[in-house]
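*Asks:* make a model of this:
(one chain, ligands or ions: 1)
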Amino acid sequence: MEIRLENLTKIFIDKQKNETRAIDNLNVVIESGKLVGLLGPSGCGKSTTLFAIAGLHDPTEGRIYFGEDDVTKLSPDKRGIGLVFQNYALYPHMTVKQNIMFPLENLKIPREEALERTQDIANLVGIGALLERKPAQLSGGQQQRVAIARALVKMPRVLLLDEPLSNLDARLRLHMREEIKRIQRETGITTIFVTHDQEEAMSISDQIIIMETGKEMQRGRPQDIYNYPNNIFVAKFLGNPPINIFRGTVKNNYLYYGDQKILPKVAPDGEYDVGIRPEDFRVAEGKEDSINIQALDVSVIGRDTMIKFVYGESEVRALVESESLNNVTEINLTVKDEKIHLFDIETGLSLAYMPQLTEEQIKMYGEHHQMMLARDAEPTVDDAEAQLVQKKKRNKKSNK
Ligand code: ATP
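*Replies:* Numbers count the residues shown, from 1 in each chain. I've put the predicted structure just below:
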């Protein structure tokens, strides 16, 4: 089942009449049978979008289609959705079997058929042998499987998962990720998976939609988004350790940091925000173009080594293969041209992406970028405290 969101907007208004634009003119097509990860920082509008698709929030504007059906005004129970939350809320007094069968009883499905479907779904999610247990007798992962089975047993057209793995420990999360992927493949149900965990979204999704302040920042295959971020927000949001960003200049197809010539980069002359992912550095061989750096810190992390160095005023991290280093701190590093990302200073847009956008879209991204810069420039609690200490010191001196 294809899901289409057209100009979807949701504005919440609180008692003080303050408006929050939780979804801001979202236009998205989710292909039938795909698993799509809705990813973004806390408060970016992921859950609101999911709840709007589920029918739990009425959109302020825009329309929602399941295939050709306009479901915008349809109540949740008529949409054919299966919903799984972070808190899986099983009925504690019912057995696993009764929990899974519950939605079928509401739908008045004959008991024989309901029992058969319950057993099939329980087998599919790997809890077929636990049907007579009560939720308290299950592990967290098993309880989450029951919740997924309960959502699937209705044979929904769409499966909506809101941070379903947040309550599980790290190992179980990893396992359940693979399980959700498998279950989705086997059932072929169009699935939307909300998470703020980039690794989770990257590993599980056919497609990712990255959201911020209610807007779509980028959509595509996880690896494509990672390799070709459309804007600086996405570049910074994806990747751990994060991408290195610094202000640089391109002159005659060479990248400069201040007056220092760094590496070849084919691009129009100009000033840019430059992004290089730590793992895109490589120890240079022979006479290759390279940056000569003095490592401040070298730490071996298994197969790779993390090198920290300061370049001009910027602290930079490079992740290189351990074998390529011989206990030295002075290192020549290089980066391939296509791994050097250039972003427009005003709009934060990738140079490669900008020509594909309309003026209106460029304006929208530009406003968002300026807002982010202003937000980043706001003093943090630590900054404010440091200023207070400075002020006290100054006052003390002037009183002497
Ligand atoms: P998280 O990862 O923290 O759950 P999210 O991306 O899912 O965040 P939403 O829950 O969709 O974010 O919220 C988006 C914005 O809308 C936030 O600023 C939030 O405070 C606001 N919001 C959400 N629900 C309501 C509501 N019922 N009333 C008013 N504002 C709301």
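
*Asks:* residues in the chain within reach of the ligand, list them.
*Replies:* Taking C-beta under 6 Å from any ligand atom as the measure of proximity, the chain contacts the ligand at 12, 14, 20, 22, 40, 42-48, 196. For every residue, glycine as well, the C-beta is placed using N, CA and C.

*Asks:* can you name the two of the residues you listed that sit furthest apart?
*Replies:* Farthest pair in the residues of the chain next to the ligand (C-beta to C-beta) is Asp14 and His196. Separation: 23.1 Å.

*Asks:* okay, the residue in the stretch 51-200 of the chain that the ligand sits nearest to: pLDDT?
*Replies:* Per C-beta to the nearest ligand atom, His196 is where the stretch 51-200 of the chain lies closest to the ligand, at 4.6 Å. Among the per-residue scores, His196 shows a pLDDT of 88.

*Asks:* quick one: residues contacting it.
*Replies:* By C-beta atoms under 8 Å, 6 or more residues apart in numbering, the residues touching His196 are 39-42, 46, 163.

*Asks:* for these, work out which two are farthest apart.
*Replies:* Pro41 and Glu163 (13.2 Å).

*Asks:* more neighbours: which of these two?
*Replies:* A direct count of neighbours by other C-beta atoms under 10 Å for Pro41 and Glu163 places Glu163 higher, at 19 against 13.

*Asks:* hang on, that one packs against Thr195?
*Replies:* Yes. Contact criterion C-beta atoms under 8 Å: Glu163 and Thr195 qualify, at 5.8 Å.

*Asks:* nearest residue to Val310 in space, please, no chain neighbours.
*Replies:* Of all residues not flanking Val310 in the chain, Leu296 sits nearest, at 6.3 Å (C-beta to C-beta, 6 or more residues apart in numbering).

*Asks:* and the helix or strand the one you found falls within, which strands flank it?
*Replies:* With secondary structure defined by DSSP states H and E, Leu296 is part of strand 291-301. Sheet partners assigned to strand 291-301 using DSSP bridges are listed as strand 304-311 (antiparallel), strand 330-335 (antiparallel).

*Asks:* now do the buried residues in the first one.
*Replies:* What it means is strand 304-311. Across strand 304-311, burial judged by 16 or more other C-beta atoms under 10 Å covers 304-309, 311.

*Asks:* which SSE is immediately downstream of that strand?
*Replies:* By DSSP H and E, the next helix or strand past strand 304-311 is strand 314-321.

*Asks:* okay, that next one in PDB with CA atoms only?
*Replies:* Extracted in PDB, the C-alpha atoms of strand 314-321 (Å, rounded to 0.1, in the frame of the first residue of the first chain):
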ATOM      1  CA  SER A 314      39.400  23.600  14.100                       C
ATOM      2  CA  GLU A 315      39.700  20.300  15.900                       C
ATOM      3  CA  VAL A 316      39.600  17.500  13.300                       C
ATOM      4  CA  ARG A 317      39.000  13.800  13.700                       C
ATOM      5  CA  ALA A 318      40.300  11.300  11.200                       C
ATOM      6  CA  LEU A 319      39.600   7.600  11.300                       C
ATOM      7  CA  VAL A 320      42.200   5.500   9.400                       C
ATOM      8  CA  GLU A 321      43.200   1.900   9.200                       C
END
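
*Asks:* change the start of the numbering to 438 and stick with it
*Replies:* Will do, 438 is the new start, and the previous item becomes strand 751-758.

*Asks:* any chance of CSV for the strands paired with strand 728-738, columns distance to Gln644?
*Replies:* Listed next are the strands paired with strand 728-738 as CSV, based on distance: least, C-beta to C-beta, whole Å:
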stretch, distance to Gln644
strand 741-748, 28
strand 767-772, 28
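
*Asks:* separation between Gly474 and Thr628?
*Replies:* According to C-beta to C-beta, to the nearest Å, Gly474 and Thr628 sit 9 Å apart.

*Asks:* my error: substitute Asn455 in the last question.
*Replies:* Per C-beta to C-beta, Asn455 is found 34 Å from Thr628.

*Asks:* of these two, who's got more company?
*Replies:* The neighbour comparison of Asn455 against Thr628 (other C-beta under 10 Å) goes to Thr628, with 27 against 8.

*Asks:* verify the contact between that one and Val595 for me.
*Replies:* Yes. In terms of C-beta under 8 Å, Thr628 counts as a neighbour of Val595; the distance is 7.4 Å.

*Asks:* what's the pLDDT at Ile799?
*Replies:* Model confidence at Ile799, given as pLDDT, is 91.

*Asks:* so which strand or helix has it?
*Replies:* Taking DSSP H and E as the criterion, Ile799 maps to helix 796-814.

*Asks:* list the buried ones in that helix?
*Replies:* Those would be 799, 801-802, 805-806, 809, for helix 796-814 by 16+ other C-beta under 10 Å.

*Asks:* now swap in stretch 745-763 and tell me
*Replies:* Across stretch 745-763, burial judged by 16+ other C-beta under 10 Å covers 745-746, 748, 753-757, 762.

*Asks:* most widely separated two among those residues?
*Replies:* Greatest spatial distance in these: Tyr748 and Leu762, 18.1 Å, computed using C-beta to C-beta.
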